[in-house]
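> this one's structure only:
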């Protein structure tokens, strides 16, 4: 074997590797699509009418939630270089209360089957 034969063999192998990588990428994309399709098929079904009703009920309940209560938020107070007081890093602390509210709404809306 001479230099040109080896270079030709390297070029052929590089083409084969690139083709295999492309094929593997395509297969991976197809696999992901099929997995997403399976997840979608396995989801519980709900009509658009029921979804709208649930959305309105949840929206109304969350709008009625009192976010102004003391202790609902954690925040840092700072005084900047102009002597202006600022609240930073504001976090809502009672996500569990919102979650409980939504779960109670769902529980009252649906007939829950306990297995």
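On my side now, so go ahead. Everything numeric in this text was worked out from a predicted model, so none of it was measured.

> in this structure, which spans are strands?
Counting by DSSP state E, the chain has strands at residues 73-79, 85-92.

> nearest to residue 36, of those?
Taking Cβ to Cβ, strand 85-92 is the member of these nearest to residue 36, at 31.7 Å. Any C-beta I mention is one placed from the backbone N, CA and C, and that applies to glycine too.

> so residue 65 is in contact with residue 100, correct?
No: at 10.9 Å, residue 65 does not count as touching residue 100 under the criterion of Cβ atoms under 8 Å.

> higher neighbour count, the two?
residue 65 (14 against 11; other Cβ atoms under 10 Å).

> give me the distance between the more buried one and residue 82.
35 Å (Cβ to Cβ, to the nearest Å).

> the longest helix in this structure is where?
helix 3-42 (DSSP state H).

> and the residue most central in space within the chain, how far is that from residue 29?
With distances taken as Cα atoms, centre = their mean, the residue of the chain nearest its centroid is residue 36 (13.8 Å). Computed as Cβ to Cβ, the residue 36 to residue 29 distance reads 11 Å.

> got it, and residue 107?
For residue 107, the distance to residue 29 - Cβ to Cβ - is 40 Å.

> equivalent analysis for residue 79, please.
53 Å.

> please apply the same query to residue 74.
In this view, residue 74 and residue 29 are 43 Å apart by Cβ to Cβ.

> just residue 71 next, same as before
Per Cβ to Cβ, residue 71 is found 49 Å from residue 29.

> which segments of this protein make up each domain?
According to automatic domain parsing, the chain comprises the domains 1-43, 44-115.
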